[in-house]
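*Asks:* Below are the sequence and a predicted model; questions follow.
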Amino acid sequence: MIVLVLDSEAYDFDYLLWESSDDEILARGRVTGVGTRTAILRHQVGAQATHQVVLDLPDCRTALKNVLSTLSDPKIGAIKGDGEIGAVGHRVVHGCSKYTEPTVITDDVISDVGDFADYAPKHNTYNLDGIKAARALLPEVQHVAVFDTSFYTTLPPKAYLYGLPYKYYLQYGVRKYGFHGPSHRYASERACFLAGIPFEDARVISMHLGRGASVTATDHGKCIDTSMGFSPLEGLMMETRCGDVDPEALLQIMAKEDLTPRTLGDLLSRRSGVLGLSGMGTFDDVIDAAKDDDKRALMTLEVFAHRARKYLGAYVLELGGVDVVVFTAFMAEGYPVVREMVCRDLGFMGLKLDAETNARLIWAEGEISSPDSDVRVYSIPHNEELIIAQRVHRAISG
């Protein structure tokens, strides 16, 4: 079976085409700038060079239509036509407590995904756009939703409850849910495979350090804690998201700046984090400025690493030790300094990086711990679309 996976976001989406019989990725790509006349479609088949084209893509449906045409293009495509696609898998960020497994998409599921947008307004709304576009263009195949939150159904109450009146949990579902589930699962399983340790026997701490960032603790195949919470705002400082902040500070800012809940939400999600603290435009800018000893850039990276180290230490305590630490997503994969700062001076707990190997490993898979490290440390390129494809196939095939 050939499975198409879509991860729809606000102005872009990722896609992957996977063949189940050979467990082979046939093609993958990314569309950026959806809603503009200068959107970019990047498409790659196997190990071939990436094909790139600028397009006028006013909406998600038009963008997906162009992706399908590219996938079946005689010169740069991977299939003969849409009829070869056997299923479409959709990443959906929030499924609350209702959806704990991959779920065939029906009108009721679509309604729920829309309702759950209250919990993840910056994600579910756009996930839903992708679902509707794909169902319209590929009406004859099954569409399956794979929810970020489903990886965290094993969280115990002590990890997911907040110190709020219990009625808010019962009435409104206010609790920790966790996100980046497919990414954490893939990176953890892959790192354990490379380490020669069965995932079901390992204590793993996975660090997804991308535009959104989170840390997850997995004990013998079951997630026991994670840094993101009710929404993707909680936890680590991220590229443009604030992470953990004293709620009283937010009330003060709202009052002094005369902010509405909506403008406060925009501040916390889009104008905070690494870029907000540094005052710079991209993460590359922060890294480059830090190399030039810019004090504010260095401070920002130290704050980012400090937050990650706090969660790492807390989860070592919860797990009673750790066998594998794995880094994934763009900040961790592309910038060895991030991994080095997070793992600095952790020899007391048996974690030692190989400085030379760590510095050399960029956008690649491999072990970065030293030979005398008791804890195995890996950098794994994120590939959540692959695990979504595999789970979709298992769900459909029973």
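*Replies:* Okay, I see it. Numbering: from 1, shown residues only.

*Asks:* which residues sit in contact with Ile380?
*Replies:* Neighbouring residues of Ile380 by C-beta atoms under 8 Å, 6 or more residues apart in numbering: Tyr186, Ala187, Arg190, Ala191, Val326, Phe327, Thr328, Glu333, Glu365. Yep, even glycine has a C-beta here, placed from its N, CA and C like the rest.

*Asks:* ok, 10 Å please
*Replies:* Each residue near Ile380 by C-beta atoms under 10 Å, 6 or more residues apart in numbering is listed here: 183, 186-191, 193-194, 206, 326-329, 332-333, 364-366.

*Asks:* What is the neighbour count of the closest residue to it other than its chain neighbours?
*Replies:* Leaving out its chain neighbours, the residue that sits closest to Ile380 by C-beta to C-beta, 6 or more residues apart in numbering is Ala187, at 4.5 Å. By the criterion of other C-beta atoms under 10 Å, Ala187 has 31 neighbours.

*Asks:* For the strand or helix carrying Ala187, what does the pLDDT average out to?
*Replies:* Counting by DSSP states H and E, the element that carries Ala187 is helix 181-195. Taken as a whole, helix 181-195 has a mean pLDDT of 96.

*Asks:* Pull the distance from that helix to the chain's centre.
*Replies:* Relative to the mean C-alpha coordinate of its chain, helix 181-195 is positioned 13 Å out (C-alpha atoms, centre = their mean, to the nearest Å).

*Asks:* May I see the buried residues of it?
*Replies:* 181-192, 194-195 (16 or more other C-beta atoms under 10 Å).

*Asks:* Next: stretch 103-114.
*Replies:* Thr103, Ile105, Val109, Ile110, Asp112, Val113.

*Asks:* Can you pick out the most distant pair from those?
*Replies:* Spatial extent of these (C-beta to C-beta) is set by the pair Thr103 and Ile110 at 11.0 Å.

*Asks:* who touches both of those two?
*Replies:* Between them, Thr103 and Ile110 share the contacting residues His143, Ala145, judged by C-beta under 10 Å, 6+ apart.

*Asks:* Other residues contacting stretch 263-275?
*Replies:* Contacts of stretch 263-275 (C-beta under 10 Å, 6+ apart): 10, 121-122, 211-213, 231-233, 236-243, 245, 250-251, 253-254, 257, 259-260, 276, 280-283, 285-286, 297, 300-301, 303-304, 331.

*Asks:* Repeat the analysis, applying 6 Å as the threshold.
*Replies:* Lys122, Leu233, Met237, Met238, Glu239, Thr240, Arg241, Cys242, Met254, Thr300, Phe304 (C-beta atoms under 6 Å, 6 or more residues apart in numbering).

*Asks:* Mind telling me the two of those farthest from one another?
*Replies:* Largest pairwise distance in those, by C-beta to C-beta, is 25.1 Å, between Met254 and Phe304.

*Asks:* Neighbour count: the two, which is higher?
*Replies:* More crowded of Met254 and Phe304, by other C-beta under 10 Å: Phe304, with 27 against 15.

*Asks:* For the more buried one, list the residues it contacts.
*Replies:* Counting by C-beta under 6 Å, 6+ apart, Phe304 touches Met237, Val274.

*Asks:* Go through the buried residues of stretch 103-114 and flag which are in strands.
*Replies:* Using DSSP state E, Thr103 are the members of those that sit in strands.

*Asks:* Compile the buried residues of stretch 103-114 into a markdown table and extend it with columns for distance to Leu71.
*Replies:* Listed next are those as a markdown table, based on distance: C-beta to C-beta, whole Å:
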| residue | distance to Leu71 |
| --- | --- |
| Thr103 | 25 |
| Ile105 | 20 |
| Val109 | 25 |
| Ile110 | 24 |
| Asp112 | 29 |
| Val113 | 25 |
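
*Asks:* Which of the buried residues of stretch 103-114 fall within helices?
*Replies:* Val109, Ile110, Asp112, Val113 (DSSP state H).

*Asks:* Break down the stretch 51-200 of the chain into its strands, ranges please.
*Replies:* In the stretch 51-200 of the chain, the strands defined using DSSP state E, counting those that start in this stretch lie at 51-57, 85-92, 103-104, 142-147.

*Asks:* possible to save these as a markdown table with distance to Ile224?
*Replies:* Below are the strands of the stretch 51-200 of the chain laid out as a markdown table (distance: least, C-beta to C-beta, whole Å):
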| stretch | distance to Ile224 |
| --- | --- |
| strand 51-57 | 42 |
| strand 85-92 | 23 |
| strand 103-104 | 24 |
| strand 142-147 | 19 |
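
*Asks:* Which is the succeeding secondary structure element to the strand or helix carrying Ala359?
*Replies:* Assigned by DSSP H and E, Ala359 belongs to helix 355-360. Counting by DSSP H and E, the next helix or strand C-terminal to helix 355-360 is strand 366-367.

*Asks:* Give me the residues contacting that following strand.
*Replies:* For strand 366-367, the external contacting residues (C-beta under 6 Å, 6+ apart) are Tyr378.

*Asks:* My read is that Val53 contacts Ile40, right?
*Replies:* No: judged on C-beta atoms under 6 Å, Val53 makes no contact with Ile40 at a distance of 7.4 Å.
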